[in-house]
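Colleague: this one's structure only:
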């Protein structure tokens, strides 16, 4: 990796503190979006892993939104000039439950900013550490590292990385049809204005993709939801995922799982309609 430009390195260590209350309605809404039967949610109900993304929503003023639907560069995140921004992956430690009714504080820190040259030009990676603390506790209930990648605009003749075949040893598998409504509902639940998920004209004509892009966090949530469906009593201590290849709304895709022999690890992955690996993940059980 090359040296980080001074104006970006200055963002390392920057912090942001936000507070939120864990309410029941977002849980019911995502439950329905993931096609579960309706449930009763009351104070004390624990959030399933990754459902904290329904809170601490990005409440930027409309006048602060950029051309891509994200907030304009600067503020808490560094002002990276590259036009394409994607969620590259995350790592999680689930230390104690976050429950409905909790008052939660999130402390976010820019952990690192790195730059390198890829096969299609410059890339900038930003790693953010989030810590969630409930009801004034000193120790975090959840620690998350969020990896963001910024890329140059797509150019004619850009060569995409060679696809990687998905594993074929799935013990569990679920087919997902990523229609416009599913993508809209998840964008609405997470207050995600990024136009690549709902604006077909923008995503095809400006960013050069063939269709709407399925949210990386939605795919990660579907992978964890597969664990819940297949092992409803399991408790998850850790989870990590890496986005390998974009998933578009043009075809159905599959989420897969394979419990490992150690009894504590579940390998999870998503694959597209051609069988190419699109997300690689691991869940660690308590």
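Modeller: Here it is on my side, so go on. Keep in mind that this is a model prediction, so the values were computed, not measured. Residues are numbered from 1 along each chain as shown.
Colleague: wait, is residue 18 part of a strand?
Modeller: Yes: counting by DSSP: H, G, I helix; E, B strand; the rest coil, one finds residue 18 located in a strand.
Colleague: which residues touch stretch 46-60?
Modeller: With contacts defined as CB atoms under 8 Å, 6 or more residues apart in numbering, stretch 46-60 is touched by 18, 20, 22, 26-27, 29-30, 71, 92, 94, 97-100, 104, 106, 132, 142, 144, 189-193, 217, 220-221, 224-225, 228, 236, 239, 283. No exception for glycine: its C-beta is placed from N, CA and C like everyone else's.
Colleague: Check which residues of that stretch are buried.
Modeller: Buried positions in stretch 46-60, judged by neighbour count with 16 or more other CB atoms under 10 Å: 47, 48, 49, 50, 51, 52, 53, 54, 55, 56.
Colleague: From residue 225, how far out is the fourth one?
Modeller: This points to residue 50. For residue 50, the distance to residue 225 equals 9 Å [CB to CB, to the nearest Å].
Colleague: Which of the contacts of stretch 46-60 fall within strands?
Modeller: In strands, judged by DSSP state E, the following of the contacts of stretch 46-60 are found: 18, 20, 92, 94, 104, 106, 132, 142, 144, 236, 239, 283.
Colleague: What's the local residue count around the closest residue to the third one other than its chain neighbours?
Modeller: Meaning residue 92. Closest residue in space to residue 92, ignoring its immediate chain neighbours: residue 239 at 4.6 Å, by CB to CB, 6 or more residues apart in numbering. Residues lying near residue 239 (other CB atoms under 10 Å) number 23.
Colleague: coming back round to it: return the members of the contacts of stretch 46-60 classed as buried.
Modeller: 18, 20, 22, 26-27, 30, 71, 92, 94, 98-100, 104, 106, 132, 142, 144, 189-190, 192-193, 217, 220-221, 224-225, 236, 239, 283.
Colleague: so where do the helices sit in the stretch 101-250 of the chain?
Modeller: With helices called from DSSP state H, counting those that start in this stretch, the stretch 101-250 of the chain shows them at 180-189, 200-205, 216-230.
Colleague: Looking at those helices, spot the one closest to residue 78.
Modeller: helix 216-230 (20.1 Å; CB to CB).
Colleague: Now do that closest one against helix 180-189, angle only.
Modeller: Relative orientation of helix 216-230 versus helix 180-189 (axes from the mean of the first three to the mean of the last three CA atoms, to 10 degrees): 100 degrees.
Colleague: Quick one: residues in contact with helix 216-230.
Modeller: Taking CB under 8 Å, 6+ apart as the rule, helix 216-230 contacts 30, 34, 48-51, 53, 86-90, 171-172, 174, 176, 182-183, 186, 190, 234, 236, 239, 241, 243, 247, 253, 255-257, 266, 268-270, 278-279, 281, 283.
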